[in-house]
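Colleague: Sequence first, then the predicted structure:
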Amino acid sequence: MSNVVLRDVKKTYPGGVDAIKGIDFEVGDGQFCVLVGPSGCGKSTLLRMVAGLETVTSGEIDIGGRVVNQIEPADRDIAMVFQNYALYPHMSVYNNMAYGLRNRGMPRPEIDVRVREAAQILEITPMLDRKPRQLSGGQRQRVAMGRAIVRQPKVFLFDEPLSNLDAKLRVAMRVEIRKLQRRLKTTSIYVTHDQMEAMTLADILVVMNGGQVEQIGKPLDIYKKP
Ligand code: ADP
Ligand code: ADP
């Protein structure tokens, strides 16, 4: 079980900005949840709280039946994909994907199986020995996703992962992420500005405004409304 439950979650930044004003929702096991809403509505703050990169002012965040408010990011069993891929430029693709697992002391043969499997899913096997600068933007974003996949986390968190790509690549990667989701069925929370991404990817769509949930439901139910 790896659902994510938010119970009356609030965030006030030092200085007094009420970024999140009491949010409740659940992302079911294996569901893909997309967060949308205008700039400044609190999407990134909410995602970062689930990741443990930002403290929770009050309320509870629960991952797989466990309250994680006080649990360090590394121990939450989540993996996050960012818009700036933040790959290590001096390391090969293989090592970029293996790095986090090595740090956790995973035995080499198991790391090798995971890296190769992820590379195969993402179709980057021929690039394993290259450095990031020898890859296209789309390939780099695949490596960034590979780094998340090899962890086999309970939950994926995506912070506008495609927003730095050009329009054509964005469409292609959107389709890739959808395929990936069908295959891996990992519970996911995905922040985006892009309505097409939200429509394509979301099992459950959360529309935020002013630090609150404005609407929640299936994308077709939300976007068909005038
Ligand atoms: P979004 O991701 O939807 O654009 P954010 O979560 O980044 O929204 O921001 C929500 C609100 O919190 C905004 O008013 C923003 O200015 C404020 N905010 C974000 N980060 C910080 C911070 N580190 N310190 C103070 N205020 C912040
Ligand atoms: P760097 O590219 O940072 O110099 P290396 O190429 O020396 O790193 O690789 C470090 C370790 O990672 C090696 O011991 C090797 O086992 C493993 N490794 C790197 N690339 C591959 C690959 N394509 N296939 C299998 N193992 C690899």
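Modeller: All right, it came through fine. Numbering: from 1, shown residues only. Ligands and ions are numbered 1, 2, ... in the order given.
Colleague: only C-alpha atoms for contact and neighbour calcs from this point on.
Modeller: OK.
Colleague: Do a quick rundown of the helices in this structure.
Modeller: Taking DSSP state H as the criterion, the chain carries its helices at 43-51, 93-103, 108-121, 137-149, 167-184, 195-201, 219-223.
Colleague: Adding mean neighbour count and distance to ligand 2, write those helices out as CSV.
Modeller: Formatted as CSV, the helices of the chain follow (neighbours: other Cα atoms under 10 Å; distance: least, Cα to the nearest ligand atom, whole Å):
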stretch, mean neighbour count, distance to ligand 2
helix 43-51, 22, 28
helix 93-103, 20, 5
helix 108-121, 17, 7
helix 137-149, 23, 13
helix 167-184, 14, 23
helix 195-201, 18, 32
helix 219-223, 14, 41
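Colleague: Switch those over to a markdown table; also include distance to ligand 1 and mean pLDDT.
Modeller: What follows is the helices of the chain, written out as a markdown table (distance: least, Cα to the nearest ligand atom, whole Å; pLDDT from 0 to 100):
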| stretch | distance to ligand 1 | mean pLDDT |
| --- | --- | --- |
| helix 43-51 | 4 | 97 |
| helix 93-103 | 26 | 96 |
| helix 108-121 | 29 | 96 |
| helix 137-149 | 20 | 92 |
| helix 167-184 | 19 | 89 |
| helix 195-201 | 14 | 92 |
| helix 219-223 | 19 | 89 |
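Colleague: I'd like those helices laid out as JSON lines, including distance to Gly64.
Modeller: Listed next are those as JSON lines, based on distance: least, Cα to Cα, whole Å:
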{"stretch": "helix 43-51", "distance to Gly64": "12"}
{"stretch": "helix 93-103", "distance to Gly64": "22"}
{"stretch": "helix 108-121", "distance to Gly64": "23"}
{"stretch": "helix 137-149", "distance to Gly64": "18"}
{"stretch": "helix 167-184", "distance to Gly64": "17"}
{"stretch": "helix 195-201", "distance to Gly64": "22"}
{"stretch": "helix 219-223", "distance to Gly64": "25"}
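Colleague: Give the bridge partners for the spatially closest residue to Gly30 that is not a sequence neighbour, please.
Modeller: Excluding the flanking residues, the one nearest Gly30 by Cα to Cα, 6 or more residues apart in numbering is Thr187, at 4.1 Å. Assessed by DSSP bridges, Thr187 has beta-bridge partners Val155.
Colleague: ok, how many other residues are close to Thr187?
Modeller: Using other Cα atoms under 10 Å, the number of residues around Thr187 comes to 24.
Colleague: got a list of what it touches?
Modeller: The contact partners of Thr187, by Cα atoms under 8 Å, 6 or more residues apart in numbering, come to 2-3, 27-33, 154-156.
Colleague: In strands, which of those residues appear?
Modeller: 27, 32-33, 155-156 (DSSP state E).
Colleague: Top of those residues by number of neighbours, please.
Modeller: In terms of neighbours by other Cα under 10 Å, these top out with Val155 at 28 neighbours.
Colleague: Let me know the distance separating the closest residue in space to Met127 that isn't next to it in sequence from Gly137.
Modeller: Distance criterion Cα to Cα, 6+ apart; nearest residue to Met127, sequence neighbours excluded, is Val93 at 6.7 Å. Distance of Val93 to Gly137, given as Cα to Cα, to the nearest Å: 13 Å.
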